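1. A structural model of the following input is requested.
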Amino acid sequence: MLMSPAPAWTKAPWFKPTVTAVGAVIVLGLLVLLARWLRSNGEVSHFIATYPGHATLHGDASVGIPAWLNWQHFFNMFFIVLIVRSGIQVRFTTRPQGYWKRNNKGLIKTKGQPEKISLALWFHLTLDALWVLNGLVYWILLFSTGEWRRIVPTSWDVFPHAASVAIQYASLDWPLENNWVNYNALQLLAYFVTVFIAAPLAVLTGLRMSGAWPAKAPRLNRAYPIEAARALHFPVAIYFVAFVVLHVFLVLTTGALRNLNNMFASNDGEGWLGFGFFVAAIVVIVATWFLARPLFLRPIASLTGSVTRN
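-> Numbers count the residues shown, from 1 in each chain. Model (predicted):
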């Protein structure tokens, strides 16, 4: 029996995104209904009362968010957004609008001719290097100031507290927040995974795919094949996108002014200073997003190598 062909409108560009969006809304709606049903259960209600959402902090954990963390937050946001943008360009652009080749001069030299890469890949790798440098500064400050105690789990009760927070978020009856003193357990785990698992994975997989990785190291390359790096790198990028989107959504819906003051103005007030810094940060990121075009990238890239159109 011959099957009738699918209607023409199912091949329209808007069809798949629309179906995906509708499916996501349905799934989220079912998740909310499930969470609210769970909260109506006496045992689950008792569990949430016992574990309201904030895990036990390390005894020496500090109170408040230091100014250096505000700057680190901005730079991380700036680099991650542009790294994702440039990474998408590298992955899906078939005809680059320019190429860059490193001059074989200076401290780092290679045998033979340096490899020519697309301008988009040069921009992506440059952002990667700056993000890694920023991350090293962050790690140094994190451990030298003791701020690590706020994002590293130090007690097993973080897991039941995190499960409780997940149910509360899903039911749309959200837990009380006090980020100035203690992140909720789900936040703590998310920050820990981002800083100590996702970020190193992004660096290690990106390094494996870059030209800096030694080509003539058969044992090392067999132990860590480039196919494994490629299989991990894109999902890690998706994780960062999902983290940023969810993070921004929760910041703006769980007390925006106070959260933005915590993150951008190093205070726990309800004023508009943090919001002003946040808007300025968004303006800088959006401006850089639109200026990151070959017209503006070529003169910058030419400072470190030769730039050609083909």
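
2. where does the stretch 201-310 of the chain have low pLDDT?
-> For the stretch 201-310 of the chain, no stretch is flagged by pLDDT under 70.

3. what about the helices in it?
-> 218-223, 226-253, 256-260, 273-291, 294-301 (DSSP state H, counting those that start in this stretch).

4. count the neighbours of Gly87 for me.
-> 23 (other CB atoms under 10 Å). For glycine as for every other residue, the C-beta is placed from the backbone atoms N, C-alpha and C.

5. quick check: it vs Phe234, distance?
-> 8 Å (CB to CB, to the nearest Å).

6. also Asp157?
-> Counting by CB to CB - Asp157 and Phe234 are separated by 35 Å.

7. now do whichever strand or helix holds Phe143: which elements does it pack against?
-> Element membership for Phe143 (DSSP states H and E) is helix 119-144. Counting by 3 or more CB pairs under 8 Å, 6 or more residues apart in numbering; DSSP states H and E, the packing neighbours recorded for helix 119-144 are helix 67-92, strand 99-102, helix 199-209, helix 294-301.

8. nearest to Gly255, out of these?
-> Nearest to Gly255, of all the helices and strands packed on helix 119-144, is helix 67-92, at 16.8 Å by CB to CB.

9. quick check: angle from that closest one to helix 273-291?
-> Relative orientation of helix 67-92 versus helix 273-291 (axes from the mean of the first three to the mean of the last three CA atoms, to 10 degrees): 30 degrees.

10. tell me which other helices or strands helix 67-92 touches.
-> Short answer (3+ CB pairs under 8 Å, 6+ apart): helix 67-92 packs on helix 119-144, helix 226-253, helix 273-291.

11. buried residues in the second one?
-> Taking 16 or more other CB atoms under 10 Å as the basis for neighbour counts, the residues of helix 226-253 that come out buried are Ala229, Leu232, His233, Val236, Ala237, Tyr239, Phe240, Phe243, Val244, His247, Leu250, Val251.

12. any idea how far Pro225 lies from His124?
-> Distance, Pro225 to His124, using CB to CB: 21 Å.

13. who's more crowded, those two?
-> His124 (24 against 12).

14. in contact with the residue nearest to that one when sequence neighbours are not counted, which residues?
-> Nearest residue to His124, sequence neighbours excluded (CB to CB, 6 or more residues apart in numbering): Ser86, at 3.9 Å. Listed by CB atoms under 8 Å, 6 or more residues apart in numbering, the contact set of Ser86 reads Ala120, Phe123, His124, Leu127, Ala292.

15. if we go to 10 Å?
-> Ser86 sits next to Leu119, Ala120, Leu121, Trp122, Phe123, His124, Leu125, Thr126, Leu127, Asp128, Ala292, Leu297 when contact means CB atoms under 10 Å, 6 or more residues apart in numbering.

16. now distance to Asn41 too, for those residues, in a markdown table please.
-> Output for the contacts of Ser86, formatted as a markdown table (distance: CB to CB, whole Å):
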| residue | distance to Asn41 |
| --- | --- |
| Leu119 | 57 |
| Ala120 | 52 |
| Leu121 | 53 |
| Trp122 | 56 |
| Phe123 | 52 |
| His124 | 49 |
| Leu125 | 52 |
| Thr126 | 53 |
| Leu127 | 48 |
| Asp128 | 47 |
| Ala292 | 51 |
| Leu297 | 57 |
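
17. which of these sits closest to Ala55?
-> Nearest to Ala55, judged by CB to CB, of the contacts of Ser86 is Asp128 at 32.8 Å.

18. would you agree the closest one is in contact with Leu204?
-> No: taking contacts as CB atoms under 10 Å, Asp128 lies outside contact range of Leu204: 11.7 Å.

19. of the two, who's got more company?
-> A direct count of neighbours by other CB under 10 Å for Asp128 and Leu204 places Asp128 higher, at 19 against 14.

20. from Val137, how far off is that one?
-> 15 Å.

21. what does Ile226 give?
-> On the measure of CB to CB, Ile226 and Val137 end up 29 Å apart.
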